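Peer 1: Here you go, sequence then predicted model.
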Amino acid sequence: MTTSLVAPLREAPFRALVTGRSLAQFGNAVAPFALAFAVVDLTGSAVDLGIVVGARSLANVLLLLFGGMLADRLPRSVILQGTETAAALTQAAVAASVLCGFASVPLLAGLGFVNGAVSAISLPAAAALTPSTVPGSQLTQANALVRLLANTGRIAGAGLAGVVVAFAGSGWALAGNSLLFLGAALAYRRIRLPRGERVPGSRPLAELAEGWREFRARAWVWLVVLQFMIVNAATAGALLVIGPLVADDTLGRTGWGFALAMQTAGSLLGGVLAAHWQPRRMLFTGVAVVSAGALPMLALGWKPSLLPLLAAMFLAGVALEQFSVAWDVSLQENIPPDKLARVYSYDMLGSFVAMPLGQIAAGPLAEHAGRSATLFGGAALVVVATALVLCSSQVRGLVRRVPAGPG
């Protein structure tokens, strides 16, 4: 018997979780778009843009392990309330600096760093909270639905950001963004879970070491993380730094907003497919389709025009969502619940650690080697990294533990 996709919504804690994550993703779609064009309007420099967006990623890298440790010690819903409130305050400060005319690259980079630190603390808690809100038999549907609704927020955010930035300016887009994060914090306040959700820890270093042992004990975990260390670095440099600059010269800012929204529309379809098509070797399928992430870089690098880019972004979104659901289910079925957030934090640390390098390096590479060559090189890295991970017998052989029913 196949569980309905909407069955997890019968659980009140899950409804509060997806509401908060959807609003947060709406805000997260607006924030980098508006911030990128705020920097473009301020200096027009690819190097400055790379520094500002890289600062946020650097904070993510530095504090993810701390966030994972906190999420295995403290109530995860409380962590999310605090981090979303802090995100609202930092985005309000960024908006004020842009609207009032005192924005500068160091200020935007500094506020971006603080916002990235807040995000680093929230990410492991959000990822590890889902299994606590639904029965185990609904885990695949819950993960698919979380991502489906969160991606709906991302579509709305990306599409609206392009329109607001084009017609009202980056400052007003960032101001509205702070309200979205505040709404997410209020939604997380409604999550009520039984006491005893957290297992008190002893020493922080001992807990981190325990999480590291769980992480490295499974080759399929750290191999996929190595893959995404390369994929995320290449993608971040291409889509967060080079993409807005190419769009400003060719597609226009509204067109770039639609392209980002189209990627998230692909993620919506990918989420529906992942909920209904659940192969026994779910991780292998998810890892294999990550190679489609090269398509937007190829479209941007080869005579960029709107329709081919929209198609490439859509296909990349479908592929990424297949992987994301497969990855979450694989971790949640195979990692002990009391260590799950720490393993997620090592996963996110490894996946994000090279993103600042990719973002900061993208500007100088584009200026010296050319935008097209840099984009083609990033696409090649995505394909090669994916092919190497598929050589692992553990990645090819991992199977679902909970039968998912036909389909």
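Peer 2: Structure's in. What do you need?
Peer 1: If you count contacts, what does the longest helix seen in the chain end up packed against?
Peer 2: Taking DSSP state H as the criterion, the chain has its longest helix at helix 12-42. On a contact count with 3 or more C-beta pairs under 8 Å, 6 or more residues apart in numbering; DSSP states H and E, helix 12-42 meets helix 46-71, helix 76-99, helix 105-129, helix 139-167, helix 170-188, helix 243-249, helix 253-276. Just so you know, the C-beta spots here come from the backbone N, C-alpha and C atoms, and that holds for glycine as well.
Peer 1: out of the ones you listed, nearest to residue 22?
Peer 2: helix 139-167 (4.1 Å; C-beta to C-beta).
Peer 1: Tell me where the stretch 201-350 of the chain has helices.
Peer 2: 204-216, 219-236, 243-249, 253-276, 282-289, 295-301, 306-334, 340-352 (DSSP state H, counting those that start in this stretch).
Peer 1: buried set for the third one?
Peer 2: When burial is assessed from 16 or more other C-beta atoms under 10 Å, helix 243-249 yields the following buried residues: 243-248.
Peer 1: any idea how far residue 144 is from residue 275?
Peer 2: For residue 144, the distance to residue 275 equals 4 Å [C-beta to C-beta, to the nearest Å].
Peer 1: I'd say residue 55 and residue 110 touch.
Peer 2: Yes - Residue 55 lies in contact with residue 110 (C-beta atoms under 8 Å); the separation is 7.2 Å.
Peer 1: quick one: contacts for residue 263?
Peer 2: Contact analysis of residue 263 by C-beta atoms under 8 Å, 6 or more residues apart in numbering lists 158, 296, 313-314, 316-317.
Peer 1: Can you tell me which one of the residues you listed carries the smallest pLDDT value?
Peer 2: Lowest in pLDDT among the contacts of residue 263 is residue 158, which has 68.
Peer 1: mind listing what the closest residue to residue 234 other than its chain neighbours touches?
Peer 2: The shortest distance from residue 234 to any non-neighbouring residue, by C-beta to C-beta, 6 or more residues apart in numbering, is to residue 378 (3.7 Å). Contacts for residue 378 were tallied using C-beta under 8 Å, 6+ apart; they are 234-235, 237-238, 294, 297.
Peer 1: Pipe those into JSON lines and attach neighbour count per row.
Peer 2: Output for these, formatted as JSON lines (neighbours: other C-beta atoms under 10 Å):
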{"residue": "234", "neighbour count": "26"}
{"residue": "235", "neighbour count": "24"}
{"residue": "237", "neighbour count": "32"}
{"residue": "238", "neighbour count": "30"}
{"residue": "294", "neighbour count": "26"}
{"residue": "297", "neighbour count": "28"}
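Peer 1: Taking those, tell me the two that lie furthest apart.
Peer 2: The span of the contacts of residue 378, defined through C-beta to C-beta, is set by 237 and 294 at 13.2 Å.
Peer 1: Now do the buried residues in stretch 212-219.
Peer 2: Quick answer for stretch 212-219 (16+ other C-beta under 10 Å): 214-215, 218.
Peer 1: Just the CA trace of that stretch, in PDB.
Peer 2: Taking Å, rounded to 0.1, in the frame of the first residue of the first chain, the C-alpha atoms of stretch 212-219 are listed here in PDB:
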ATOM      1  CA  TRP A 212      32.700  12.100  13.000                       C
ATOM      2  CA  ARG A 213      32.900   8.300  13.700                       C
ATOM      3  CA  GLU A 214      29.300   7.900  12.400                       C
ATOM      4  CA  PHE A 215      30.100  10.000   9.400                       C
ATOM      5  CA  ARG A 216      33.200   8.300   8.200                       C
ATOM      6  CA  ALA A 217      32.000   4.700   9.100                       C
ATOM      7  CA  ARG A 218      29.900   4.700   5.800                       C
ATOM      8  CA  ALA A 219      31.800   5.200   2.600                       C
END
